[in-house]
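**Student:** Just the structure for this:
(one chain, ligands or ions: 2)
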Amino acid sequence: MPVERTLSIIKPDATRRNLTGRINAVFEAKGLRIIAQKRLQLSRAQAENFYAIHRERPFFNDLVAFMISGPVVVQVLEGENAVAHNRDIMGATDPKKAAPGTIRAEFAENIEANSVHGSDSAENAANEIAFFFAGIEITG
Ligand code: ATP
Ligand code: MG
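**Tutor:** Ligands and ions are numbered 1, 2, ... in the order given. The predicted structure follows:
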């Protein structure tokens with residue numbers, strides 16, 4: 001399987017509950033390496049830009065308000081098949097539907113405050129990594 005990189009965000013519900021280390025421990029236990037990481041307070045414009053693909057969805061305004069409600073931790077994860085592997089580790093968007101042992105099953109509060117974001121394709125991963133990180137900030 002190819003070694004890939006994916007963009008992960010530990011969302012404000014998780015930073016608020018001091019879960020960064022426990023979530024990172026799951027990534028590492030499951031074989032993903034955290035090769036870049038920083039904690040940020042997103043502006044409204046940055047959150048709207050990041051989630052622009054969802055602009056027409058009914059939950060867009062609430063989602064943006066949630067994503068700027070506290071700090072996030074943005075990170076680049078690297079490993080075999082990292083994009084799909086991270087989506088498996090995260091679990092379904094709605095924690096009620098997330099498989100046992102996934103991050104969202106264990107930690108998410110609800111379908112919106114669901115603790116983590118992960119890129120959903122290799123192409124989006126490259127774009128999302130470039131959104132948050134300069135090349136000099138990423139080391140393998
Ligand atoms: P993410 O993109 O954050 O990794 P995802 O790919 O599982 O999550 P998307 O459909 O891309 O899910 O939705 C983006 C985010 O919007 C979700 O993670 C969640 O925070 C929020 N969201 C999605 N669906 C709903 C909904 N029905 N009601 C409220 N918030 C939602
Ligand atoms: Mg998504």
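
**Student:** what sits against residue 98?
**Tutor:** Taking C-beta atoms under 8 Å, 6 or more residues apart in numbering, we find residue 98 in contact with 90-92, 104-105, 108. (Each C-beta comes from the backbone N, C-alpha and C, glycine too.)

**Student:** Check what pLDDT it gets.
**Tutor:** Here the pLDDT value assigned to residue 98 is 98.

**Student:** next one: the one 4 residues further on
**Tutor:** The predicted structure scores residue 102 at 98 on the pLDDT scale.

**Student:** Repeat that for residue 106.
**Tutor:** pLDDT, residue 106: 98.

**Student:** picking up where we left off before, most neighbours of all the contacts of residue 98, which one?
**Tutor:** Counting neighbours by other C-beta atoms under 10 Å, residue 108 leads the contacts of residue 98 with 25 neighbours.

**Student:** Pretty sure residue 72 sits against residue 10.
**Tutor:** Yes - between residue 72 and residue 10 there is a contact under C-beta atoms under 8 Å: 6.3 Å.

**Student:** picking up where we left off before, among the contacts of residue 98, which are located in helices?
**Tutor:** The helices, defined by DSSP state H, take in 90, 104-105 from the contacts of residue 98.

**Student:** Between the residues you listed, which sits nearest residue 113?
**Tutor:** residue 104 (10.2 Å; C-beta to C-beta).

**Student:** I'd assumed residue 89 was in contact with the closest one.
**Tutor:** No - with contacts counted by C-beta under 8 Å, residue 104 stays clear of residue 89, the gap being 9.4 Å.

**Student:** So which residues of the chain form strands?
**Tutor:** Assigned by DSSP state E, the chain shows strands spanning 3-10, 33-40, 72-80, 116-118.
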